[in-house]
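Student: Take a look and give me a structure for this.
(3 chains)
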Amino acid sequence: MSARLPVRKTYKLFIGGAFPRSESGRTLDHEGHNVARASRKDARDAVVAARKGFAAWSSATAYNRGQVLYRLAETMETRQAALAAVCSGRREVARAIDRVVWYAGWADKLAQVLGGANPVAGPYFNFTLPEPTGVVAVIAPDEPALDGLVARVLPALAGGNAVVVVASEAHPLAAIELAEAVATSDVPGGVVNVLTGLRAELAPVLAAHMDVNAIDVTGADGDVAALEILAAENVKRVVRAREDRSPWEVGAFMELKTVWHPIGR
Amino acid sequence: MGQALALPRSVELPGGGSLPRVGSVDAVALEARAAELAKRSIKRESKIFALELAIRMMDLTTLEGADTPGKVRAMCAKAMVPDPTEPSVPHVAAVCVYPSLVATARRALRGSAVKVASVATAFPSGQAPLDVKLADVRAAVEAGADEIDMVIDRGAFLSGRIGRVYEEVVAVKDACGDAHLKVILETGELGSYDAVRKASLVAIAGGADFIKTSTGKVTPAATLPVTLCMLEVIRDVHDETGLVIGMKPAGGIRTAKQSVQYLCLLHETLGPDWLTPDLFRFGASSLLNDVLLQLRKQRTGIYRSPDEMTLD
Amino acid sequence: MAAVAKKGDTPVPAGGWDYAPAPESRDIVSFEERYGLFIGGEEVSPRSRAWFPTVSPATEEPLAEVAQAGPKDVALAVDAAREGFEAWRAWKPSERAKVLFRIARILQERARELAVAESLDGGKPIKESRDVDIPLAAAHFFYYAGWADKLEYAFPGRRPRPLGVAAQIVPWNFPLLMLAWKIAPALACGNTVVLKPAETTPLTALLFADVCRQAQVPPGVVNIVTGDGSTGAHLVRSDGIDKVAFTGSTEVGKAIQRELAGRDIALTLELGGKAANIVFDDCALDQAVEGIVNGIYFNQGHVCCAGSRLLVQESIHDQLVRKLKRRMATLRVGDPLDKNTDIGAINSKAQLDRITELVEAGTEEGAEIYQPPCRLPEKGWWFAPTVFTGVAQSHRIAREEIFGPVLSVLTFRTPDEAVEKANNTMYGLSAGVWTEKGSRILWMADRMRAGVVWGNTFNRFDPASPFGGYKESGFGREGGRHGLEAYLRFE
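Tutor: Have a look, this model is predicted:
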């Protein structure tokens, strides 16, 4: 009688709420797994999916976004073992989950802290509102494998943005496990997209992409200046982590709109 | 405050009053009210009443480039006897076809009370010279149409030439002779409920017997809020002038549940006097089978399969 | 309406299309025969050994017996809250947040059960408890859960700390929702609570105690003491409290304010109102009618911020009143558990008497009354939707809060006159303004002496939106970032 053969997971990309292989058919060997090696076309598809997902995500109420992100925390909680196996362990997973809860609670409070009414000198009602910028490319940090990624993705999501993640080359599996949690948490398709592969190949494509509104370079190693030059082509917002957690980390991915209206009989 | 729209001399109003003002419609409140009415829970005998009424109010429709006499004959058979296994099921109000198929429909419906409605005026776009549109109407009327469903000129409406829209309705009404006129606003193209209200009033001023939401060729077609908006216009017109105008939502109404929601809207906005095919029609095709299935489910208590109903 | 010509047969039943009864099933909730007090995480029998029944106002049937908490019971609850506070304050704020998130989730999961219980105990239509009360209650816990570990961002430059033990007294008009408005921010700020639900509506609070057990709320953090007005008085007189939050009548609010004088206890009050719903002639007319109806007939008018005074611009008075009366005739009064019911039962005999008295005063003072024909059930307490026209500012029905489905209609000519009349009251809770002119909405809002101004809408509530009154409608705000202030002190 032979021992039971485990059914191995196939690690694919996460685009538009589905898990396709790379259109190039290429893979990378990572610790015995064949991980998809995303191409520039996959990146292009991810941005298209993100733009669609952004429409749904940004038009949901802030309350709804908060609830969905909380549900992501719930899902991650039940997947602790799977997540722990692809990062430094349970303690990191607990921190990541708590971080998701923290940012979930910000979704319906941002306007109250980042925005407000402005006392202009005239008979006008004037108020400033934060709005999501749109599609955000995130170059995931290598460490911590899971929490580092969460620390950059959740601020963008909490603000109502859609993200395209270039997963860490050192830890691609953590990103896909997180994607599986996202896929089962009522997050609309396209709001989160994950591309595994070579950072040096994918980051410049997203940095130059004209339909990406912001790029988070916290995890970018190598020539960050080169990415910034590419980003300038459509005046992308270039974002780096400043604090471990803060509503202003969310604000970095948001625009501010100020509205005037006369007050009169 | 009222903006009286000029009325043609040939149209005599019982009350002689002017039409209500156009004014504004608050979209958020309108949609909330429609949603509230859609929550009504209609059960048992009141549900059976509604489903049977929905059938009696249906304009069974086929408006495809691919329509043939065979297709129209099959649909007419369905219109006269929707459920051959259940004789208590009433016939529908009318069939709705292109002018070229009116004669076929008339022959197929001979001896029944089902009416023939025809689209006209270069349906669905309305983008043709007026004389072509009027010829279209006359052809349909001569072929035997009881009812004409015209489209307003949205190009004229959206570019501010409201007078042109009005005059066309007047001219079409004249060409209709004895046929009764439904005016399609194509609400999905008008852009706001304010515009829908304005277009409704212009159509009524021009002589519409019915105002109708859509051609069914554009999304969104009929919705509960836009229907509510138009029913409120009809209510205001009746209040101000005594005129009784009908309403027809068309396109996008596929389920029995939706049809009951529309009837609740009608019932609670215009009252029981409007619960008649003379004043309310559904422009639909696949709706009929779902209503028949629901009726059967109400009678037997068992959920049905779509296979049970004929596709005509 | 003029007679409508009918061609062909139109077999509408005589009297119109009657909707068949569509009752929500009662089976989803089962009440205990008797509920003790919820103190220190446990159900305990009252030391007072006194009990009283709570009844369904729609049928007068008793639903359960609840405890009449006496002074000893209240003292025990306050002690338990104090003990609970010493433990709760040591929790990490992010862990406190998780308890509140759990409560929010459980409220969502048990939503239907709670909605049915609320409609049975209080008389409000299931449509409202299901679609408004319970979802908002869950949303309040969700919203405030998120603040628990973010307080330093809510008050930049200040160091927020909990107050300690909060004594909270809530009314019978939105029992579970008012409980959520009180408990969610209190706990989020690190306090513990002793909450007294209204005498006639204790059941959802007692079910909430069960929710707390399920959520593993630590003992003593939430304590529920049931009873009549005397229980509330004992609570307010208690030595061991740091804060009082009261929602109820202005009269009792003033008594509480007097009681707390000189005692250095934080206080917030949410009291009565006589809101003006102001309609200009350029409004979206049919939607304004909906707003007026919602403003005064929602929840049978048992709403502190109800739009009980309609101030309509004289130029559209007749047209508006005609539409309003016709709309009132489509309101369905009846069994709260019927899904099609728009207006439920009056909460108690006492309240029904108060409404009746004021309505009689209205006709005596010369206003003209209209009530659409409606068949009211034999048992239970009911009042038909009512509107008075020809009301003067000096009439009792224009000055006193009726707290029932009774609308008083007055007129005005200009925006300035509308402002004057709207503000001419000791109350200041809310106001509504209906006009399609944006600048006028803002101009009116600017001048309303009211804590909540609704523009082209009415009775909109959200956990993110601060709510509270000016003048004798109370002080302090509930909801939003501002709602945290009531439960904090600052170092």
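
Student: Give the burial count for C:Ala384, as a bare number.
Tutor: 18 (other Cβ atoms under 10 Å in any protein chain shown). Where C-beta positions appear, they are placed from N, C-alpha and C, glycine not excepted.

Student: Can you name the residues that contact it?
Tutor: C:Val333, C:Gln371, C:Pro372, C:Cys374, C:Leu376, C:Pro405 (Cβ atoms under 8 Å, 6 or more residues apart in numbering or on different chains).

Student: which ones are touching residue 190?
Tutor: No chain in the question, so chain A it is. With contact taken as Cβ under 8 Å, 6+ apart, A:Gly190 is in contact with A:Ile15, A:Gly16, A:Gly17, A:Ala49, A:Ala50, A:Arg51, A:Lys52, A:Gly53, A:Phe54, A:Ala56, A:Ala162.

Student: nope, chain C
Tutor: So, once contact is read as Cβ under 8 Å, 6+ apart, C:Gly190 ends up touching C:Trp88, C:Arg89, C:Trp91, C:Pro93, C:Arg96, C:Ala148, C:Arg161, C:Pro162.

Student: from the residues you listed, which is closest to chain A?
Tutor: Nearest to chain A out of these is C:Ala148 (Cβ to the nearest Cβ; 7.9 Å).

Student: how close does that closest one sit to chain B?
Tutor: Applying Cβ to the nearest Cβ, to the nearest Å, the value for C:Ala148 to chain B is 32 Å.

Student: right, and that residue touches C:Phe101 too?
Tutor: No: C:Ala148 is beyond contact range of C:Phe101, at 9.1 Å (criterion: Cβ atoms under 8 Å).

Student: Doesn't C:Ile278 lie inside a helix?
Tutor: No: using DSSP: H, G, I helix; E, B strand; the rest coil, the assignment for C:Ile278 is strand, not a helix.

Student: What about it, how many residues nearby?
Tutor: Look at C:Ile278: counted by other Cβ under 10 Å, it has 27 neighbours.

Student: Can you list the buried residues in stretch C:154-162?
Tutor: Within stretch C:154-162, the residues that count as buried by 16 or more other Cβ atoms under 10 Å in any protein chain shown are C:Ala154, C:Pro160, C:Pro162.

Student: That should have said stretch C:347-363, apologies.
Tutor: Those would be C:Asn347, C:Ser348, C:Gln351, C:Leu352, C:Arg354, C:Ile355, C:Leu358, C:Val359, C:Gly362, for stretch C:347-363 by 16+ other Cβ under 10 Å.

Student: how about the residues of the stretch 301-450 of chain C near chain A?
Tutor: For the stretch 301-450 of chain C, the contact set with chain A under Cβ under 8 Å from any Cβ of the partner chain comprises C:Pro415, C:Asp416, C:Gly438, C:Ser439, C:Arg440, C:Leu442, C:Trp443, C:Asp446.

Student: So the last one sits against A:Ile263, correct?
Tutor: Put plainly, it is C:Asp446. Yes: with contact defined as Cβ under 8 Å, C:Asp446 and A:Ile263 form a contacting pair (5.7 Å).

Student: low pLDDT regions in chain B?
Tutor: Residue ranges of chain B with pLDDT under 70: B:1-17.

Student: got a list of what A:Gly189 touches?
Tutor: A:Gly189 neighbours (Cβ under 8 Å, 6+ apart): A:Gly16, A:Gly17, A:Ala18, A:Ala49, A:Lys52, A:Gly53.

Student: Could you find the closest non-adjacent residue to the closest residue to chain C within the stretch 101-250 of chain A?
Tutor: Closest residue of the stretch 101-250 of chain A to chain C, Cβ to the nearest Cβ: A:Gly105 (2.4 Å). Spatially, and ignoring its direct neighbours in sequence, A:Gly105 is nearest to C:Gly146 (2.4 Å; Cβ to Cβ, 6 or more residues apart in numbering or on different chains).

Student: Please tell me the pLDDT value assigned to the one you found.
Tutor: We have a pLDDT of 98 for C:Gly146.

Student: who are the neighbours in contact with it?
Tutor: If you count contacts by Cβ under 8 Å, 6+ apart, C:Gly146 has them with A:Gly66, A:Ala104, A:Gly105, A:Trp106, A:Ala107, A:Asp108, A:Lys109, C:Ala97.

Student: Tell me if I am right that the fifth one is in a strand.
Tutor: What it means is A:Ala107. No: using three-state DSSP, the assignment for A:Ala107 is coil, not a strand.

Student: which one is it nearest to, not counting chain neighbours?
Tutor: Among residues not flanking A:Ala107 along the chain, A:Gly66 sits closest, at 3.6 Å (Cβ to Cβ, 6+ apart).
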